[in-house]
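**Q** All I have is the shape, not the residue letters:
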Ligand code: SF4
């Protein structure tokens, strides 16, 4: 056994957690249940939920046959409800495909809903003594620190390194004490803030401790640069009124009134013109639109992506108001004319409002305001 594993095992026997309600047995069902409950949740919080749950659903078959509503009721307060839904769905798969017996082979476990590689390994270790590596959040932190890995586990290369380290450290014997020890060490000694290095069995060989800044590992998660998404709205003006279209309920700015948009972006003049022809044709007094003119493009940042907005202007349309009596199925029911002067108080997406206010001010573009969230 490596010195690393020896130290973890010896520490676990004395200082680790023993006698938890799901420990000591070989039945994979309570081990699975505890592993799922312990994801993002502390042991002390999990214990009463685990006891109530196991009393009502003592095995995978009773869980599979229970209504989901009852499962969610028993989960209520534990949070992350997708865990309960997956657990229930997985129990049904166990009943259907494994005659109600929870498998103990990692590959079969990983095929069940809500069970990832690390959880599958933990269930296999504790129920069957399988020599498999776990890599939950606590273990990632311990390994990142012990090796002073320069990066964050969310980065694919760092994660691959961690898995390979986790595999290479597995002891030939004592896999259960070792696995439990790593979990306990991360939860009670090598904590996220203020690790207790003086009480750690790995202190002598820990590179992060040697660096003098153990809490500086893992490194902060790198900021994701949001991707660009192009958008080609079309400003169709009839006098001082602009044609608005209600957006679909799903997607960005769902349900808001906004400018009609070309299906592809950036769009060519012909696409803007075709869109205007189609929309104006749906109106009672629609007429052929004038030639599109490109407006200056601008950027707008949203939470998950950045918009590159390349608008078109079609002015001089002599169209009448849509008939307000048209039924909701009629395409015109999603269209309305808005006087440009009323844009200030209208519930429009922020960059669209800026664009229209710029036009109202005669600027034929947007104010130079830089990027903003809307
Ligand atoms: S020595 Fe400190 S930083 Fe290193 S593994 Fe132990 S508790 Fe974590």
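**A** Structure's in. What do you need? Computed from a prediction, not measured in an experiment: that's the story for all the values here.

**Q** In space, what's closest to the residue nearest in space to the middle of the chain - neighbours in sequence excluded?
**A** Nearest to the geometric centre of the chain sits residue 304, at 10.9 Å (Cα atoms, centre = their mean). Leaving aside its chain neighbours, residue 304 sits nearest to residue 226 (5.8 Å; criterion: Cβ to Cβ, 6 or more residues apart in numbering). Heads up, the C-betas are built off the backbone N, CA and C, glycines and all.

**Q** Enumerate every residue touching the one you found.
**A** Counting by Cβ atoms under 8 Å, 6 or more residues apart in numbering, residue 226 touches 301, 302, 303, 304, 305, 306.

**Q** what separates it from residue 303, distance-wise?
**A** 8 Å (Cβ to Cβ, to the nearest Å).

**Q** What residues does residue 183 make contact with?
**A** Counted by Cβ under 8 Å, 6+ apart, residue 183 has contacts 134, 136, 138, 139.

**Q** let's go with 7 Å and repeat that
**A** 136, 138, 139 (Cβ atoms under 7 Å, 6 or more residues apart in numbering).

**Q** Also residue 138?
**A** By Cβ under 7 Å, 6+ apart, the neighbours of residue 138 are 183, 186, 187.

**Q** anything in the helix or strand hosting it sitting right up against the ligand?
**A** Using DSSP states H and E, residue 138 falls within helix 137-146. Yes - judged by Cβ under 6 Å from any ligand atom, helix 137-146 comes into contact with the ligand at 142, 145, 146.

**Q** Which residues of the stretch 51-200 of the chain lie near the ligand?
**A** Going by Cβ under 6 Å from any ligand atom, the residues of the stretch 51-200 of the chain near the ligand are 142, 145, 146, 189, 190, 195, 196, 197, 200.

**Q** Just the buried residues of those residues.
**A** Applying 16 or more other Cβ atoms under 10 Å to those, the neighbour count classes 142, 145, 146, 189, 190, 195, 197, 200 as buried.

**Q** May I ask which helix or strand encompasses residue 54?
**A** helix 43-56.

**Q** List the buried residues in the next helix-or-strand element following that helix.
**A** Counting by DSSP H and E, the next helix or strand C-terminal to helix 43-56 is helix 60-65. Applying a neighbour-count criterion of 16+ other Cβ under 10 Å, one finds 60, 61, 63, 64 buried in helix 60-65.

**Q** From the chain's centroid, how far away is the biggest helix by length in the chain?
**A** In the chain, assigned by DSSP state H, the helix with the most residues is helix 82-97. Relative to its chain's centre, helix 82-97 lies at 22 Å (Cα atoms, centre = their mean, to the nearest Å).
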